[in-house]
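Asks: Let me see the structure of the following:
(4 chains)
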There are 4 protein chains.
Amino acid sequence: MISAETRGVFAIAPTPFLPDGALDMASLGRMTERYVGCGVDGLTILGIMGEAHKLEPEESLSVVREVIAHAGGLPVVVGISAPGFAAMRRLSAAAMEMGAAGVMMTPPPSMRTDDQIAGWFAQAVAQIGSDVPFVLQDHPTATGVVMSNAVIRRVVAENPSCVMLKHEDWPGLDKISAIRNWQERGEMRALSILCGNGALFLDMEMRRGADGAMTGYAFAEMLRRVVDLAAQDRDAAQDLFDAHLPLLRYEHQPGIGLAVRKHILAQRGFIAHPDLRAPGAALNPAARAEVDYLLARLKARDRGCGL
Amino acid sequence: MISAETRGVFAIAPTPFLPDGALDMASLGRMTERYVGCGVDGLTILGIMGEAHKLEPEESLSVVREVIAHAGGLPVVVGISAPGFAAMRRLSAAAMEMGAAGVMMTPPPSMRTDDQIAGWFAQAVAQIGSDVPFVLQDHPTATGVVMSNAVIRRVVAENPSCVMLKHEDWPGLDKISAIRNWQERGEMRALSILCGNGALFLDMEMRRGADGAMTGYAFAEMLRRVVDLAAQDRDAAQDLFDAHLPLLRYEHQPGIGLAVRKHILAQRGFIAHPDLRAPGAALNPAARAEVDYLLARLKARDRGCGL
Amino acid sequence: MISAETRGVFAIAPTPFLPDGALDMASLGRMTERYVGCGVDGLTILGIMGEAHKLEPEESLSVVREVIAHAGGLPVVVGISAPGFAAMRRLSAAAMEMGAAGVMMTPPPSMRTDDQIAGWFAQAVAQIGSDVPFVLQDHPTATGVVMSNAVIRRVVAENPSCVMLKHEDWPGLDKISAIRNWQERGEMRALSILCGNGALFLDMEMRRGADGAMTGYAFAEMLRRVVDLAAQDRDAAQDLFDAHLPLLRYEHQPGIGLAVRKHILAQRGFIAHPDLRAPGAALNPAARAEVDYLLARLKARDRGCGL
Amino acid sequence: MISAETRGVFAIAPTPFLPDGALDMASLGRMTERYVGCGVDGLTILGIMGEAHKLEPEESLSVVREVIAHAGGLPVVVGISAPGFAAMRRLSAAAMEMGAAGVMMTPPPSMRTDDQIAGWFAQAVAQIGSDVPFVLQDHPTATGVVMSNAVIRRVVAENPSCVMLKHEDWPGLDKISAIRNWQERGEMRALSILCGNGALFLDMEMRRGADGAMTGYAFAEMLRRVVDLAAQDRDAAQDLFDAHLPLLRYEHQPGIGLAVRKHILAQRGFIAHPDLRAPGAALNPAARAEVDYLLARLKARDRGCGL
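Replies: Alright, predicted model coming up:
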């Protein structure tokens, strides 16, 4: 089970598909094992980048089952966000039954005010059960839901099962500082903060007090090493981060970012095919050439990158 | 099958739930029969007001099956909009197999430009099959997708299976006129236009050239009579419409409108319970009293209203 | 000066323009006198419907000066919302110097969380001075800023110069009830609530506890009588309201509503020309015919309407 | 005058303020001369990052006058976007009279469909005059207006005075390729493309066919060299770009990015004070320390950076 003490690197795994759009079950297991081989501390599946909203319920269950089966006992967090609570309750219950370590959720775009957001989480917890540890995902760029520091503190206070913040506000560095300040002054209980947002600010986030990364950048090895180095050797962590930044920034494009990520993961052998399920863009030749150029440079700059 | 020649009144039916949130299968059949008894020309199910996004796939299929079974041969249109094409394809195929008369769809909120919107419909038709007649739903207030007259004409031109516009732009009267003008000049092919938007402008829409109504106002009898009277006796149609307008306006409130509608349909015996599935608001006593006041006045003003 | 005890009807006045787009100074005085003749308790100018964002600063000052000069001592509220505080501060100071009774403001669309909204009002008050009584405008449909009941209470608590709520959330009836409940329980200080939103729910709003109307419907006489009748004779108030509802609903169309309003005000002789300043739509013949039809019916149903 | 043949680097200049919020006229001249000293080909003022929306009209004119006076004959482009056409017309006319080389504009957020966007530009050109060369700013992240490739081609075709695209869609690389493809096939006339978006993709944009950069990154010297090197030595350009990327990414944060930029420009002596006019955030100590850390690293990696 994840908890407020969870730290380290959770890789956000994509959902592999065959070129015809069917789930690629064979890749699921291999991909999971490859992530484990990167030294991650856990996996997160069925998030926004997992194309969760394109899956049928029984497909989601297959993904959960298969990933947990190959995760070698590492904790697996399952994204359950959906427009209706019925679907969330069912997926949460099934995932926990299968051995998930917790769930992740974020409100629908119509939630605007602090009261709406806090009310939604209270209802959601009532539905999935207060015994299921959950990750509060704060990702306004993707969801349109803007959460103040105050509303995050409130959700954490009102829901003991909220154990982790997936931090991906942009800009968001001061949000980490604000939470850590509240905690130091005893005004907020413990909470794990893992950072997403494609790791675009991981260098700074670790110094602001984050506990690690939960994101899908195609080189989880980099996340691993930057998180480990952050406290020991800032300059070394920054050098490594900087070597990846040109590619990381390229992957962090709305809309086509996932296609970039799957292209690289397919090249690395994590998944068999780079395809997204429809509707979803494919990389055109110009974009592939740009990625390949950046990969070649990365290989020269970070020999331990995994290529 | 619906076609470009379809006219009249299609009632948008809600999805009845039990107080515990389960599908109310018993109400489904009775509700359908009551709508048929109102003299409607067809039914539309699983739209935005049908809480479709809160249903599990197998629940959606149950709703389709049950409504068609009780519709006495009237055409039933099934809303299939979903974030992913896989879910849309599956529901469309199953619904048509069960005897649906067509499907209704609208793009996700991220679709902004004309090319994005037209491209989405082309992809969607490729997924569900070009032999399935579909209703283009144009409802920017609910979806955030703004469609110009030009892009509607383009979608109609590019997709022969687009046979109907569910018109609920606001303001939208000139959109009807623009389409009818293009058709008169031979610049656009035939298209059925049924009006939604809670019927708030049905009086004017019929005179602009609409073919009828497709909306969920709790008194389908009014829709029936206004649509029938529109061409024969404008003043009589307007008198009738005006008698309903205070309530109709009350029902047309974002967020709580569906609770108002279900409250009235429960009072009228169409459904057993006024409950929405979570997340969804219930009417508080003040709102119920307001509705009851408006209902009492309506009863005095329109003796044929069905109360 | 407006205060928390202000009640009654404040007409939202449009800004009259000549067909070439210049300010129509001659109409300004006449229009103001006509509103005074309708028996309103005050005027509000330079709001969203006053095309304030299309005016140059010196034009805004001319409008304020002219309206106050013809208002016969009635209180005039001046809308000062602008993207920057410098413009707000300057207009507020000049308007108060000229004899305005207070100002009205609402945050820019980027304000999302409770803290952002409350922070914006605190900053705004620091800029215009805490001695200037202000109206908090809550109009999410137009501004995109969604304010919870709680954040309104907070702004009122934090800013003693906030004396009035221009209530135009949609739906918003429960917001009035919530504020009145807090006040009854002593949890919120006195606050005047005048209702906008085109008066579409004025009938119900008065019964929920509103103090009156602040809106621009083209027949301020109706607002006057409905507000006066509300407490004495509910049915009579509702009859009168219902007679206007078909037109009121027609005027309440986003985008073209202001053109409808100016068309009627020009017909009534309040202003010389129905023109909006660019960018702004004009009524086409079909729309004008619809308005004329509704006006003819209104005249038959409410002989005291002012036509 | 700018034209479709304009190439190179246009620095987006901020508007300097004194700590009390007044315009810092003394800094305006010095800042302009420093930009000229960086070797830029032109300057762009009163854009989004120029806090243009916080300025009074006469302040805007002062800025234009002062910058042109110190620009040593380099072309100066003036941002004129405003909610109303009256303000746009007046600023455009005054700026051109003072010697501006052209204006820049983008539609208000309410513009959604292709027809709305194209219609807005047609109206705007009618207002400012078809003899004023203008830059079409395409910046959806800041404005909310999403422009398809097709609508840009249409605006260019319909308005001969549109001579340049300020390209800052995100992702936007394929937009450059699409325009260049159309031009190669003779389906679109010549158009200068200068890239904004904080230069986050300048490396790739130059290779896709951009003519240069128009952005406000605090080291215009880098833009100069990357633009010059792009065609000659890709790897050298990329090395230089990569050295700046950690800081460039840090500056490219919504909301606080401008404070970062002004902090650096103040350190570099371009402006006397880093202050934004209210409402606007200041950098807190943690953020300043992060910037200083990145600056120290940049200095070590790019000795010609200007520090």
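
Asks: lowest-confidence helix or strand of chain A?
Replies: Lowest on mean pLDDT, DSSP states H and E among the helices and strands of chain A sits helix A:140-143, with a mean of 92.

Asks: Please compute how far it lies from its chain's middle.
Replies: 13 Å (CA atoms, centre = their mean, to the nearest Å).

Asks: again with stretch A:102-118
Replies: Averaging C-alpha positions (CA atoms, centre = their mean) puts stretch A:102-118 17 Å from its chain's average.

Asks: mind listing the helices in chain A by residue range?
Replies: A:25-37, A:57-70, A:85-98, A:114-128, A:140-143, A:149-158, A:173-184, A:202-208, A:220-232, A:234-251, A:257-267, A:285-301 (DSSP state H).

Asks: Could you say which one of those comes nearest to B:G21?
Replies: helix A:85-98 (6.7 Å; CB to CB). Backbone N, C-alpha and C define where each C-beta goes, glycine included.

Asks: A:L245: what's it in contact with?
Replies: By CB atoms under 8 Å, 6 or more residues apart in numbering or on different chains, the contact list for A:L245 reads D:D242, D:L245, D:P246, D:R249.

Asks: make it 6 Å
Replies: A:L245 sits next to D:L245 when contact means CB atoms under 6 Å, 6 or more residues apart in numbering or on different chains.

Asks: Quick check: the gap between it and chain C.
Replies: Look at A:L245 and chain C: by CB to the nearest CB, to the nearest Å, they are 28 Å apart.

Asks: how close does that residue get to chain B?
Replies: Distance from A:L245 to chain B, by CB to the nearest CB: 27 Å.

Asks: confidence score at that residue?
Replies: A:L245 is assigned a predicted lDDT (pLDDT) of 98.

Asks: what's the answer for A:L276, then?
Replies: Looking at A:L276, its pLDDT stands at 96.

Asks: Over to A:A157?
Replies: A:A157 is assigned 98 on the pLDDT scale.

Asks: need the residues of the stretch 201-307 of chain A near chain D, please.
Replies: Residues of the stretch 201-307 of chain A found near chain D (CB under 6 Å from any CB of the partner chain) are A:M204, A:D242, A:L245, A:P246, A:Q253, A:G255, A:I256, A:A286, A:E290.

Asks: ok, and the most crowded of the residues you listed?
Replies: A:M204 (25 neighbours; other CB atoms under 10 Å in any protein chain shown).

Asks: So what's the residue count around the residue lying closest to A:S110 once chain neighbours are set aside?
Replies: Nearest non-adjacent residue to A:S110, counting by CB to CB, 6 or more residues apart in numbering or on different chains: A:Q116, 7.9 Å away. By the criterion of other CB under 10 Å, A:Q116 has 17 neighbours.

Asks: Tell me the residues of chain A that contact chain B?
Replies: In this structure, chain A approaches chain B at residues A:H53, A:K54, A:P83, A:G84, A:F85, A:A86, A:Q123, A:A278, A:P279, judged by CB under 6 Å from any CB.

Asks: and of those residues, the nearest to chain C?
Replies: For those, the closest approach to chain C (CB to the nearest CB) belongs to A:Q123, at 16.0 Å.

Asks: Could you report the distance from the closest residue to chain B within the stretch 201-307 of chain A to A:A22?
Replies: Residue of the stretch 201-307 of chain A nearest chain B, by CB to the nearest CB: A:A278 (4.6 Å). Using CB to CB, to the nearest Å, A:A278 is found at 12 Å from A:A22.

Asks: Quick check on A:C305: phi, psi?
Replies: Backbone torsions of A:C305, given as degrees, to the nearest 10, read phi -70, psi -20.

Asks: tally of neighbours for it?
Replies: Applying other CB under 10 Å, we find 20 residues neighbouring A:C305.

Asks: How about the contacts made by it?
Replies: A:C305 is in contact with A:F219, A:L298, counting by CB under 6 Å, 6+ apart.

Asks: pLDDT score assigned to it?
Replies: pLDDT, read off for A:C305, is 84.
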